[in-house]
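Q: here are the coordinates; sequence isn't available:
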């Protein structure tokens, strides 16, 4: 349903405007890359093309490039190729960003805080790991127990990433010192 100005009304107009702005302010490659990096389950080139506002041949061309540089992965399944983000590349970027944007002392302080939080989970739930807690929960688990499993897993993942950022920064610094 339109308005007197001929423009779509409500949310549809805002969405169309946002899509037009995105299309005019980015290249086809940038849009395909953004869609792939936000993709958590594999998608076909056609699905990615629709989301990236490009033709399917354009999407295929850029997806091939993204696979070659390691940003995306391609999997052949039942005659169709699907694409997804490369989790290792994203993990590396996150580690490198943490190492670059934070001091070693800030990262160490963060690691210490996460270790304290993990100790709190272990004490509160009398469990050695989030998996241990999850397998011990019954259908009538106390409020927040399942959320604790998820938060505990997230804290553990972030702890390992922060520790990797410390090691990455140290390796980078040592590498620079030996050149």
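A: Perfect, I can see it now. Please read all numbers here as calculations on a predicted model, not as lab measurements. Residues are numbered from 1 along each chain as shown.
Q: Okay, buried residues for stretch 34-47 please.
A: Of all the residues in stretch 34-47, those buried under the rule 16 or more other C-beta atoms under 10 Å are 35-37, 39, 42-45, 47. Every C-beta, even on glycine, is put in place using the N, C-alpha and C of the backbone.
Q: and if you look at stretch 107-120?
A: Burial within stretch 107-120, assessed by neighbour count using 16+ other C-beta under 10 Å, is assigned to 107, 110-111, 114, 117-118.
Q: what's the average pLDDT for it?
A: Mean pLDDT, computed over stretch 107-120, is 97.
Q: go on, stretch 43-63?
A: For stretch 43-63, the mean per-residue pLDDT is 96.
Q: How far away from the center of its chain is that stretch?
A: Taking C-alpha atoms, centre = their mean, to the nearest Å, one finds the center of stretch 43-63 at 20 Å from the center of the full chain.
Q: and if you look at stretch 35-53?
A: The chain centroid and the centroid of stretch 35-53 are separated by 14 Å under C-alpha atoms, centre = their mean.
Q: List the contacts of it.
A: For stretch 35-53, the external contacting residues (C-beta atoms under 8 Å, 6 or more residues apart in numbering) are 19, 22-23, 28, 31-32, 34, 55-56, 58-60, 63, 66, 71-72, 75, 77, 80-85, 90.
Q: same thing with stretch 111-122?
A: 127-128, 130, 133, 148, 151-152, 155-156, 158-159, 162-163, 166.
Q: If we use 6 Å, what do you get?
A: Taking C-beta atoms under 6 Å, 6 or more residues apart in numbering as the criterion, the residues outside stretch 111-122 that touch it are 152, 155, 159, 162-163.
Q: Cool, thanks, talk later.
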